[in-house]
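Colleague: Provide a 3D model corresponding to the input given below.
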Amino acid sequence: MDPQEMLAIDTTAMPWEARPNEKVGRTMHRKLLVQDPDTGMEVRMVRYPAGYVTPWHTHPCAHGMYVLEGTLLTDKGRHGPGSFLWFPEGTAAEHGATPEAAVVALFITNKKFAIQYVDK
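Modeller: Numbers count the residues shown, from 1 in each chain. Predicted coordinates for the structure are as follows:
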């Protein structure tokens with residue numbers, strides 16, 4: 001990607017990439033939209049199937065989630081379409097889909113993504 005050029009992506013034409021999670025024992029999906037090789041910043045769409053919840057974890061990056069479809073379940077409550085959540089770097093959280101339905105969200109990081117699971 002040329003950083004000086006506008007990027008337009010038809011996300012409906014992109015396939016979902018399966019992302020198995022051994023800790024959860026289930027698979028979530030993503031569509032990687034943009035990644036900056038210098039900063040590690042990423043923008044991706046994520047889809048958690050009904051009942052999929054990432055257990056307590058932290059990230060070495062701040063990240064935001066904009067809910068597109070369904071309801072994002074977090075340790076702080078339920079957040080429907082149009083909700084935007086920002087998790088500061090190092091914040092311990094758990095989030096995913098409600099038992100009733102899948103959730104699709106735009107997931108944005110400010111630098112390289114990694115996950116560390118924590119005991120609560």
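
Colleague: how about the spatially most central residue of the chain, what does it touch?
Modeller: Centroid check for the chain by CA atoms, centre = their mean gives F107 as the closest residue, at 4.1 Å. Going by CB atoms under 8 Å, 6 or more residues apart in numbering, F107 touches 30, 42-46, 63-65. C-betas here are computed from N, CA, C, even on glycine.

Colleague: one more pass at 7 Å, please.
Modeller: 44, 46, 63, 65 (CB atoms under 7 Å, 6 or more residues apart in numbering).

Colleague: ok, F113 next?
Modeller: 42, 59, 61.

Colleague: mind putting the contacts of F107 in a markdown table, neighbour count included?
Modeller: Converted to a markdown table, those look like this (neighbours: other CB atoms under 10 Å):
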| residue | neighbour count |
| --- | --- |
| R44 | 17 |
| V46 | 21 |
| H63 | 19 |
| M65 | 20 |
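
Colleague: could you pull out the strands for this structure?
Modeller: 17-21, 26-35, 42-48, 53-58, 63-69, 72-74, 77-79, 84-87, 93-97, 103-109, 116-117 (DSSP state E).

Colleague: where does pLDDT dip in the chain?
Modeller: 1-3 (pLDDT under 70).

Colleague: what do you get if the cut-off is 80, keeping everything else the same?
Modeller: Within the chain, the ranges that satisfy pLDDT under 80 run 1-4, 120.
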